[in-house]
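Asker: just coords:
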């Protein structure tokens with residue numbers, strides 16, 4: 001009887017250690033799965049923030065381009081008017097109507113600037129210059 005009791009205790013210990021091992025393996029698998037899910041969720045959140053920032057930047061760029069488009073359309077409308085065409089022809093091609101005189105305003109003449117005074121070369125610079133000139137001739 002004592003032998004049977006010892007066998008049962010030994011069997012119970014083995015069964016309990018197997019149960020613990022299964023529990024530990026199960027817990028590790030759950031932790032790894034949870035960590036994997038957390039990491040993938042974090043990566044998706046980062047990507048979502050990057051895309052949201054890009055969408056915002058593109059929205060600003062689109063608004064600027066729409067404003068520029070409106071300005072160009074208004075410029076096109078004014079360019080089709082005869083007064084605008086006459087003004088451009090006078091400015092760019094210096095055209096005039098009969099009886100008018102064209103006056104051109106020239107910019108003021110530039111005064112010649114004084115040449116900068118070169119500082120005198122010291123003894124070693126003069127020797128180096130002569131050596132270089134001699135080597136260039138050689």
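Answerer: Thanks, I have it. Predicted model only: the values in this text are computed from it and were never measured.
Asker: sec struct for the residue nearest to residue 90 when sequence neighbours are not counted, please.
Answerer: The shortest distance from residue 90 to any non-neighbouring residue, by C-beta to C-beta, 6 or more residues apart in numbering, is to residue 96 (7.2 Å). (C-beta placed from N, C-alpha, C; glycine too.) Here residue 96 is recorded as coil under DSSP: H, G, I helix; E, B strand; the rest coil.
Asker: ok, how many other residues are close to residue 96?
Answerer: 11 (other C-beta atoms under 10 Å).
Asker: helices or strands up against the lowest-mean-pLDDT helix or strand in the chain?
Answerer: The weakest-scoring helix or strand in the chain, judged by mean pLDDT, DSSP states H and E, is helix 82-93 (a mean of 78). Here helix 82-93 touches helix 2-79, going by 3 or more C-beta pairs under 8 Å, 6 or more residues apart in numbering; DSSP states H and E.
Asker: counting contacts, what elements does the helix it packs on pack onto?
Answerer: Packed next to helix 2-79, using 3+ C-beta pairs under 8 Å, 6+ apart, are helix 82-93.
Asker: so the least confident helix or strand of the chain versus helix 2-79, what angle?
Answerer: 90 degrees (axes from the mean of the first three to the mean of the last three C-alpha atoms, to 10 degrees).
Asker: Run the chain-centre distance for helix 82-93.
Answerer: Here the centre of helix 82-93 is set off from its chain's centre by 41 Å, with C-alpha atoms, centre = their mean, to the nearest Å.
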